[in-house]
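**Q** sequence first, then the predicted structure, then my questions.
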Amino acid sequence: MAEFDAIDALLAAARQETPLPPAGERRRLREELNLSRAQLAQALGVSASTVAGWESGREPGGEVREKYAYFLEGARTKLDAAEAGEAPADAPTSAPASGYALASGDDGPAGADQTVGTDDDAGVLSAPQPCVLCGQPARHQVEGFPQHLDPTDCGTAAPVPQPAQPEKPAPRTAPRQPALARTLGGAVSGVKVVPVGRRVQAASDTPDLIGSAVAAALAEHAGDVEAATAALVRRAIPDAMALLDHTRKGGRYDVVAHPWLPDILRKQSARGADQVWEARPKWSRPELPAGEHEITALDINGAYLSALKTHLPLGQLEHTTGDHHDRRRAGLHLITPPAWDHETVLPNPVGNRDEPGPLWVTEPTLRLLLRLSGPKHGLCDPPEIHESWTSGATEGLLEKFRIALKDARDRAISEDDTVTLEYVKAMYSKFVSTLGESNYNRELYRTDWMHLIRSQAFANLWWKAHRAYDEGLLVVRAMGTDELHVTGDWRAVFPEGRGVAEVKVKDTYTVGTEPDQPPESAS
């Protein structure tokens, strides 16, 4: 009987997870309440991308599932009551504004208590309604909330009437300046602005999340640079995801954060790999001309940071067959690569393969091969495409995220700020490495993105090798994402420095020997 008692105790302690409505219903309930993902995420203590994952079919667990279920049930009750013509007793008189809103598609907050939407979110109301910010009648709405689109129309209170003043003679006006002179004059002493949807805002209003985090870490560790750097590197992944959410707010595209994955993206064993070939170069020139050669190993700065600019699929990958490439989509492709007849001077664009035949490659690799097979280069035949897993794509999906990291990196270099430099490097490198099957980043599960970004870094290195070759340098070696060995006047080809568009010297060495000189003849 003891065994049955143990089972009874187990059943008594166990409890079923709270059921949730289907994914489409979850999104409908939120949208019909005119709530944004960012607002719901803030209330639940998660990120907006996590809410997007739940609305695409991912299942939350633990305590947050209970909170999410509570919200959905409350949303359904509120909407049912509204349809019946009844207002719940606890219904707020006006919808709350979000804690902050991003300027423009993805640029920064519009202010501590002001929400600015993009063109996609703004609409004209059929009748004026109280602005959620100032309470005065507004004729537009942003993300479902009545708001003034022009800040000059929006105030926290009605203007106070002023006593009448005696009329004064009109002042003499200065001669009107030409339009160009007025523009240039304003630019000299004016305010730097950044895009905010259809408008602009002062650049100084955009928060520096990276700088704030560094300052807080240094303050917490009493200025100890090593301790602050270690603390920032440890939190690089969640901080990178927060920065991504910040730069994505108001963006034109919704992203599926936790899509269903085809089998080619699943590891074949616990410690194995999936079926995607990233085309990592590991190439050395088989032979050098006779004589002594001074070789410079160049380091390509910010390889993964540059690779964030690549065509990334937005939604769940869809399967197609046939030898056709749609440049509006991106993903993974099963191809038979063309023969490569230039191994003696340039690396194979698909990297070093042990086995011949078809293989799954990423969008950057396929586009590289298609470009090399085109009339401009004519270095190989076109690859044969057998089947593809793709989705609608954009090259600028991570562009504002990339620019925020690049700007912080540039400032850190100019100010010799090693703390920020290491922090930013950890953010973009760990962001890429944890997009796949990782326990360190559960907010964005895009193994396809991880492969595509890595492959873009490899493709970028290949193009640098080709540029060196095209400019008359001797390409000796290409390794990984950031190592290129050349001989010749490389400074005439690549700018030297620590910036993302520059290269720096990693090593110099000599290969070969001078030919023996014939002995001098006796006089």
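**A** Received the coordinates, thanks.
**Q** CA atoms for contacts and neighbours, from now on please.
**A** Fine.
**Q** how close does E66 get to L44?
**A** In this view, E66 and L44 are 10 Å apart by CA to CA, to the nearest Å.
**Q** where exactly do the helices run in the stretch 201-350 of the chain?
**A** 209-220, 225-234, 236-248, 303-307 (DSSP state H, counting those that start in this stretch).
**Q** next: the stretch 351-500 of the chain.
**A** Here the stretch 351-500 of the chain has its helices, by DSSP H, counting those that start in this stretch, at 363-372, 399-414, 418-433, 447-470.
**Q** tell me what the third one is packed against?
**A** So the one you mean is helix 418-433. helix 209-220, helix 225-234, helix 236-248, helix 303-307, helix 399-414, helix 447-470 (3 or more CA pairs under 8 Å, 6 or more residues apart in numbering; DSSP states H and E).
**Q** and the fifth one, how far out from the chain middle?
**A** The offset between the C-alpha centroid of helix 399-414 and the centroid of the whole chain comes to 13 Å, using CA atoms, centre = their mean, to the nearest Å.
**Q** over to the shortest one?
**A** A distance of 11 Å separates the C-alpha centroid of helix 303-307 from that of its chain, computed with CA atoms, centre = their mean.
**Q** residues in contact with the residue most central in space within the chain?
**A** Per CA atoms, centre = their mean, the C-alpha nearest to the average position across the chain is that of L398, at 2.8 Å. Under the criterion of CA atoms under 8 Å, 6 or more residues apart in numbering, the neighbours of L398 are 244, 308-309.
**Q** still on that earlier bit, nearest approach to P262 belongs to which of the helices and strands packed on helix 418-433?
**A** With CA to CA, the closest approach to P262 among the helices and strands packed on helix 418-433 belongs to helix 447-470: 9.9 Å.
**Q** packing partners of the closest one?
**A** So helix 447-470, by 3+ CA pairs under 8 Å, 6+ apart, packs with helix 303-307, strand 312-313, strand 329-336, strand 359-362, helix 363-372, helix 418-433, strand 474-479, strand 483-487.
**Q** adding mean pLDDT and distance to H293, write those out as CSV.
**A** Output for these, formatted as CSV (pLDDT from 0 to 100; distance: least, CA to CA, whole Å):
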stretch, mean pLDDT, distance to H293
helix 303-307, 95, 27
strand 312-313, 95, 41
strand 329-336, 97, 37
strand 359-362, 96, 36
helix 363-372, 97, 29
helix 418-433, 95, 34
strand 474-479, 96, 10
strand 483-487, 97, 7
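**Q** out of the helices of the stretch 351-500 of the chain, which gets nearest to R76?
**A** Using CA to CA, the nearest of the helices of the stretch 351-500 of the chain to R76 is helix 447-470, at 34.6 Å.
**Q** show me what the longest strand seen in the chain is packed against.
**A** The longest strand of the chain (DSSP state E) is strand 384-394. Applying 3+ CA pairs under 8 Å, 6+ apart, one finds that strand 384-394 contacts strand 312-313, strand 318-321, strand 329-336.
**Q** adding mean neighbour count and distance to A468 as columns, could you present the ones you listed in a markdown table?
**A** Rendered in a markdown table, the data for the helices and strands packed on strand 384-394 read as follows (neighbours: other CA atoms under 10 Å; distance: least, CA to CA, whole Å):
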| stretch | mean neighbour count | distance to A468 |
| --- | --- | --- |
| strand 312-313 | 26 | 28 |
| strand 318-321 | 13 | 37 |
| strand 329-336 | 24 | 28 |
